[in-house]
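Chemist: pasting the sequence and the predicted coordinates here, then a few questions.
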Amino acid sequence: MHKYITAHPCPVTADNVQDLCSFNFVFICVDNGSAKARIIPFLQENNIPFVDVGMSVEVENGSLKGLCRTTTYYKGSEAPLPSLIS
């Protein structure tokens, strides 16, 4: 089911973000806002398409409420991504 997807078990830092240039698509699933702030502009500047996913779960009045979000970027996208992704 997950053919051709490879997990990379190392954090993306300022020192290795350029390694993403070797990818033709990036799937982002991190809960660290500062990491996303480093990764997403780099991918946009290099026209590398990506999907970012996010989820939040909260307790309200003794019940759980949740939200799932997906954001897709491809070359030429005009969406104001920084306002959509946290």
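Modeler: On my side now, so go ahead. Numbering: from 1, shown residues only.
Chemist: which stretches in this protein count as strands?
Modeler: Ranges of strands in the chain, per DSSP state E, are 26-28, 50-60, 63-73.
Chemist: so which bits of stretch 15-26 are buried?
Modeler: Going by neighbour count (16 or more other Cβ atoms under 10 Å), the buried part of stretch 15-26 is Val17, Leu20, Val26. The C-beta positions use only the backbone N, C-alpha and C, and glycine is treated the same way.
Chemist: which one's the longest helix in this protein?
Modeler: Looking across the chain with DSSP state H, the single longest helix is helix 33-45.
Chemist: got the buried residues for it?
Modeler: So for helix 33-45, counting by 16+ other Cβ under 10 Å, buried means Lys36, Ile39, Ile40, Phe42, Leu43, Gln44.
Chemist: pull the contacting residues for the spatially closest residue to the second one that is not a sequence neighbour.
Modeler: The reference is to Ile39. In space, and not counting its chain neighbours, Ile39 is closest to Val12: 5.4 Å by Cβ to Cβ, 6 or more residues apart in numbering. By Cβ atoms under 8 Å, 6 or more residues apart in numbering, the contact set of Val12 is Leu20, Ala35, Arg38, Ile39.
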